[in-house]
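Undergrad: Need the 3D shape of this:
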Amino acid sequence: MDLGFIFTSLALFILVAAFVARPLIEKMSGVEAEKTHADDLFAQREAILIELRDVDFDHETGKMNDDDYKEQRARLTTKGVEVLRALDSLKTEEAAPPVNTLDDDIENLIAVKRGKKVAKPLPSNGKTPQSDAADKIFCTQCGTPAHADDKFCAKCGAQLQRVWQD
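TA: Now for the predicted structure:
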């Protein structure tokens, strides 16, 4: 046997062993993702669906009488509805965006820089997101900040148009 073949085989063996052993090592080290309330609700939903399937199967095969079937199915359905409502309430809480986020501010500034209208609504005071004290507008040609009473850009001389409306 060639020495290069032995080293190549050994390196390949070590790589395969590391790949196979990685999940075991991570499990022993306790590296697991934190379970959230939503994860618990999804697990409960899956468990209820499995129980419903089993109850239906038992009824179809004759292992369960009609009265017990109706009672267990109603109980599981009620439990499932509660879990689904809890999941829906979590989704609506997460889906409610804040009124004026940093991303909206950045998008508005980019729109001003490009000379377009504001993409997202402004705060209720109508001022630019980055400066409430100074009533500034921006040149649509070069993006230079200008004062509200300026009619032309001090840098490029372009006529200023008010993008932020009061």
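Undergrad: what's the neighbour count on the nearest residue to Gln141 once chain neighbours are set aside?
TA: In space, and not counting its chain neighbours, Gln141 is closest to Ala158: 4.0 Å by CB to CB, 6 or more residues apart in numbering. Where you see a C-beta, it was placed from the backbone N, CA and C, and this is true even at glycine. Residues near Ala158, counting by other CB atoms under 10 Å, number 15.
Undergrad: tell me the phi and psi of Ala158?
TA: In terms of degrees, to the nearest 10, the main-chain angles of Ala158 are phi -70, psi 150.
Undergrad: repeat for Phe152
TA: The phi/psi pair for Phe152 (degrees, to the nearest 10) reads phi -130, psi 150.
Undergrad: these two touch, right, Asp150 and Leu160?
TA: Yes - counting by CB atoms under 8 Å, Leu160 is a contact partner of Asp150 at 5.8 Å.
Undergrad: which one of these two has more residues nearby?
TA: Set side by side, Asp150 and Leu160 show more neighbours around Leu160, with 20 against 13, by other CB under 10 Å.
Undergrad: and for Asp150 and Leu160, which residues touch both?
TA: Ile137 (CB atoms under 8 Å, 6 or more residues apart in numbering).
Undergrad: the longest helix in the chain is where?
TA: In the chain, with assignment by DSSP state H, the single longest helix is helix 66-95.
Undergrad: Any buried residues in that one, and which?
TA: The neighbour-count check on helix 66-95 (16 or more other CB atoms under 10 Å) flags 69, 72-73, 76, 79-80, 83, 86-87 as buried.
Undergrad: Give the helix, strand or coil label for Gly4.
TA: Here Gly4 is helix, with the state taken from DSSP: H, G, I helix; E, B strand; the rest coil.
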